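Visitor: Curious how this folds, go ahead:
(2 chains)
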Amino acid sequence: MKLLAGLCMAVVAMAVAGTSLHAPVVSLDPDLIGKAPVTNWTTFNGDYTGQRYSTLTQIDATNLNRLSLQWVYRISNVGAQRGAPVPIIKCTPLEVNGVLYMTIPDHAWAINARTGSPLWHYDWVDHGGHLIGQRGVAIWKSTVFFQTPDNWLIALDANTGKEVWKKNYADARKQYFSTAAPLIVMNHLIVGVGGDAMDMPGFLDSFDPATGDLQWTWWSTPRKGDPALKTWPNETASEHGGGMTWMPGTYDPALNLLYWPTGNTNPVFAGQGRPGANLWTESIVALDLDTGKLKWYFQVSPHDTHDFDNTTAPILFDREVDGKPEKLLAQAARNGFFVTLDRVTGTHLVVKPYVPLDYSSGLSPNGEPIPIPDKDPSVGGSINIVNATNWPAPSYSPKTGLMYVNSVEGKAIYYLTDDSDKPSGYGGTGVGIGRQVRVLQAIDPLKGDAVWKHAYPNVNGAPSTVGASILATASNLLISGDDQKNVIVFRADNGQILWHHELNANESGGIVTYLLDGKQYIVFGAGDSLYAWSLGK
Amino acid sequence: MTPTQRAAATRTFLGLGTEPDKAAAARGAPLFAQNCAFCHGEKARGATGPSLITSDVVLGDDHGERLVPFLRKGIPEKGMPAFATIPEQQLTDIVEFLHLQVEDVANRGAYHVLNILVGNAVKGKAYVENHCMVCHTAERLAHFASKYSSPEQLQRNWIWPARDEALTADVKTAGGTVSGTVTQISDFRISLVTESGETKTFDRGPGVAVQIHDRLEAHEQIVMTLGNDDMHDVTAYLETLK
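Guide: Presented below is the predicted three-dimensional model:
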């Protein structure tokens, strides 16, 4: 019986295609993780700031005409997945020692960054979970960490793709599912979770990367005895209040604080059963790395009823304010507000709409937007904005001092489909109405105003959840894309289009850049293919 | 896509597991009402007893293999009685009723809007006369509601009558100006169909000037400024124009 179980396991999670003899050997010094990316791209955002900014300048405005495709890796060995007829790469690939690590739900690949040929492929057979996306792996020494749709954290040998250990951290039967990329900080492997179909509480786990032992758990909603419970009608509502940790956060080594964005409140559209602000959903939270204890929070969408899922990256940067150096954090939130905070204390400098909106009556003394109740979803319908942005990564350039975000300007009618006093699940629905226009914005984070904007022309409305990520470089380039399969390079300081190329699909994951053999590469996924570019002759 | 197909597709997309047996659930409904609803609420969302739709035992069960034995035993020390005398088939029916309550919440593809006709038709008529007759005629609005299969479809369409030919453009090049209905436009290319039915595509660049006209501009203004009361009132009025 034991033997049979072992055999099943081997079939279930089989690492295909052995390592070739000449493949690069990956062993990442943990001290390099989270540092500014140059020859490696070691975390989801490249470093711990979330800036997605590269100091590389080999590719610049004068030589973009020589930018040429070096290789394409197309996923050809995965068919239709549940609800997804073709695989779509929504990960940010990591690159270490000439090896790229790429994922889609249930699948991870190591790819030779020089040639685009696969070194290994890991294939997980899930038992449940929503296959909507997979954001990528984390890497530490010679181990790669991968999260599955049914909430298994899997440690893989970075050089062979063989399992080192695995651990289940959430129950897929409760509609928890995972799309996140884990984040390595020192000896902590930080793992977020998703799932909002069934009113479950969000949490963030920290594991020992060597053993998979749990170090701490932080719950997104308060438990018995916590003063934050007064923002919920009762303990049961809080224990079923959502606040998923869908996306990787950022980290300040000097303050030893993790900054994590928390997702939408549950029930999602039906707020009548949970009067109150509903902490700490829809927030940016600062957590102590070693203990997971909450240091401060800023709730971007108090009492959310529009799935304003606060999952966009809280980007860290240092600037002078009134002649004094300040440690800041900025987020272009999905509720349409741009937020700049002091990241030591969580006090706000800027809270200002960056898309046209009319659902807020002002700011609370803490700077949190106050929603107008009449704009809540209702039985007859209520018009409000669509999500102003979504998970595709924004960027910040220390060179221009601007934050870059692909936003969507548009409206929807929100209907309450469950008007009972005990709603559950989503409890409502939204239907887009009018034009949904995608707009790339360059925002001054000290003012909250756009310095330049670029509206992508399209006769079709913008899909809010699929959009290009952004990468900024020290050579004043801003790389992103439209929703008509064009990858586009803009001038970061003024938004002028410098270069574009039409692909077979929209750019769909994170854009990374690194120096390999002295050549600067730009790599990203678009649809079922990973593209690698550098300067040709 | 029919509502049933949409619900099934969403169930697959969300990975919601096995589908509840609706016939069994219908048989289970009166049994649940009689034996369980007093403590757990009519939809099992909790009353004096806990909500069952987020219960570990319910969510861990497919078709009664865990729940039926549980119901036979109960947890008498916590006030949950044992249902040892109810026949197996009836317990299974109660279980399927519970799974259907979960499905109704978790499968948002199975949601449907409620009766959205909450507005005042008289006020709606006044709004239409004041705002819509600048562009539209009474003849155009007569029988308006007969074009739509549901009030929410009507509501969406009067506010935003989406149509393929809404955008037109004049493209000016050294060779002259070409006008037509825009079929697609990006930063780099524009395609349009001229009045004679010819498709023209231009690469956008120096020497190519594009002027876009939006036939739905007035409706875009409505989308951006319409209040909920006005929306409900106009919908209530237009719904009377069968």
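
Visitor: neighbouring strands for the helix or strand hosting A:I479, and are they parallel or not?
Guide: Assigned by DSSP states H and E, A:I479 falls within strand A:477-481. Applying DSSP bridges, strand A:477-481 is found paired with strand A:471-473 (antiparallel), strand A:486-491 (antiparallel).

Visitor: and A:L279, how far is that from A:H303?
Guide: Note on A:L279: its distance to A:H303, by C-beta to C-beta, to the nearest Å, is 10 Å. No exception for glycine: its C-beta is placed from N, CA and C like everyone else's.

Visitor: before we move on, back to that, so for the strand holding A:I479, mean pLDDT?
Guide: For strand A:477-481, mean pLDDT is 98.

Visitor: Stretch B:19-28 now?
Guide: Averaged over stretch B:19-28, pLDDT sits at 97.

Visitor: Tell me which residues of it come out buried.
Guide: For stretch B:19-28, burial by neighbour count (16 or more other C-beta atoms under 10 Å in any protein chain shown) applies to B:E19, B:P20, B:D21, B:A24, B:A25, B:R27, B:G28.

Visitor: how about CSV for the strands paired with strand A:477-481, with mean neighbour count and mean pLDDT added?
Guide: Converted to CSV, those look like this (neighbours: other C-beta atoms under 10 Å in any protein chain shown; pLDDT from 0 to 100):
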stretch, mean neighbour count, mean pLDDT
strand A:471-473, 27, 98
strand A:486-491, 22, 98
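
Visitor: possible to save the ones you listed as TSV with distance to B:D164?
Guide: TSV is the format used below for the strands paired with strand A:477-481 (distance: least, C-beta to C-beta, whole Å):
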stretch	distance to B:D164
strand A:471-473	35
strand A:486-491	22
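
Visitor: what number of residues lie near A:N65?
Guide: When neighbours are counted by other C-beta atoms under 10 Å in any protein chain shown, A:N65 registers 11.

Visitor: so who does it touch?
Guide: Shown in contact with A:N65 (C-beta atoms under 8 Å, 6 or more residues apart in numbering or on different chains): A:W499.

Visitor: Could you report the distance from it to chain B?
Guide: Going from A:N65 to chain B by C-beta to the nearest C-beta, to the nearest Å gives 15 Å.

Visitor: returning to that earlier point: counting neighbours, go ahead and name the busier of A:L279 and A:H303.
Guide: The neighbour comparison of A:L279 against A:H303 (other C-beta under 10 Å) goes to A:L279, with 27 against 19.

Visitor: Check chain B for its longest helix and report it.
Guide: Taking DSSP state H as the assignment, the helix of chain B that covers the most residues is helix B:88-106.

Visitor: average pLDDT across that helix?
Guide: In this model, helix B:88-106 has an average pLDDT of 97.

Visitor: Before we move on, what's the pLDDT of residue 239?
Guide: Going with chain A. If you check A:E239, the pLDDT there is 96.

Visitor: hm, I was asking about chain B
Guide: 97.

Visitor: pLDDT below threshold where in chain A?
Guide: Counting by pLDDT under 70, chain A has low-confidence residues at A:1-23, A:464-466.

Visitor: re the thing from before, wait, does the helix or strand following the longest helix of chain B contact chain A?
Guide: Counting by DSSP H and E, the next helix or strand C-terminal to helix B:88-106 is helix B:121-131. No - against chain A, helix B:121-131 shows no contacts by C-beta under 8 Å from any C-beta of the partner chain, the least distance being 11.8 Å.

Visitor: A:R173: what secondary structure?
Guide: helix (DSSP: H, G, I helix; E, B strand; the rest coil).

Visitor: burial of the residue nearest to it when sequence neighbours are not counted, as a residue count?
Guide: The spatial neighbour of A:R173 that comes closest, neighbours along the chain excluded (C-beta to C-beta, 6 or more residues apart in numbering or on different chains), is B:L59 at 4.6 Å. By the other C-beta under 10 Å criterion, the neighbourhood of B:L59 contains 21 residues.

Visitor: from what I can see B:L59 touches B:H99, true?
Guide: No - with contact defined as C-beta atoms under 8 Å, B:L59 and B:H99 do not form a contacting pair (9.3 Å).

Visitor: Just the buried residues of the lengthiest strand in chain B, please?
Guide: The single longest strand within chain B, with elements called by DSSP state E, is strand B:176-185. For strand B:176-185, the neighbour count (16+ other C-beta under 10 Å) marks B:V178, B:G180, B:T181, B:V182, B:T183, B:I185 as buried.

Visitor: which of these come close to chain A?
Guide: When contact is defined as C-beta under 8 Å from any C-beta, the buried residues of strand B:176-185 meet chain A at B:V182, B:T183, B:I185.

Visitor: The second one against A:V459, yeah?
Guide: Yes - between B:T183 and A:V459 a contact is recorded at 7.0 Å, counting by C-beta under 8 Å.

Visitor: Can you give the domain ranges for chain B?
Guide: Split into domains by automatic domain parsing, chain B comes to B:3-110, B:121-162+B:218-238, B:167-215.

Visitor: Let's have those domains in a markdown table, adding distance to A:V351.
Guide: What follows is those, written out as a markdown table (distance: least, C-beta to C-beta, whole Å):
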| stretch | distance to A:V351 |
| --- | --- |
| domain B:3-110 | 31 |
| domain B:121-162+B:218-238 | 22 |
| domain B:167-215 | 32 |
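
Visitor: Determine which of these approaches A:E368 most closely.
Guide: Closest of these to A:E368 is domain B:121-162+B:218-238, at 23.6 Å (criterion: C-beta to C-beta).

Visitor: end to end, how far does that closest one reach?
Guide: End-to-end distance for domain B:121-162+B:218-238: 8 Å, by C-alpha to C-alpha, to the nearest Å.

Visitor: same question, stretch A:246-253
Guide: Terminal residues of stretch A:246-253 are spaced 22 Å apart (C-alpha to C-alpha).

Visitor: try stretch B:209-221
Guide: 26 Å.

Visitor: pLDDT averaged over it, what's the number?
Guide: Rounded mean pLDDT across stretch B:209-221 is 95.

Visitor: who touches that stretch?
Guide: A:434-435, A:457, B:135, B:159-163, B:165-173, B:182, B:185, B:190, B:202, B:204.

Visitor: do the same with stretch A:161-170
Guide: Contact partners of stretch A:161-170, identified using C-beta under 8 Å, 6+ apart, comprise A:13, A:15-16, A:108, A:110, A:119-122, A:143, A:150-157, A:176, A:178, A:191, A:193, A:195, A:203, A:205, A:207, A:211-212, A:214.

Visitor: again, 6 Å this time
Guide: By C-beta atoms under 6 Å, 6 or more residues apart in numbering or on different chains, the residues outside stretch A:161-170 that reach it are A:15, A:120, A:122, A:143, A:151-155, A:157, A:176, A:193, A:205, A:212.

Visitor: Let's verify the residue in the stretch 251-400 of chain A that chain B sits nearest to: helix, strand, or coil?
Guide: When scored by C-beta to the nearest C-beta, the stretch 251-400 of chain A has A:G380 as its residue closest to chain B, at 3.8 Å. Classification of A:G380 using three-state DSSP returns coil.

Visitor: mind listing the strands in the stretch 51-200 of chain A by residue range?
Guide: A:53-54, A:67-74, A:94-96, A:99-104, A:107-112, A:118-123, A:138-140, A:143-147, A:152-157, A:163-168, A:183-185, A:188-192 (DSSP state E, counting those that start in this stretch).

Visitor: With that, I have no additional questions.
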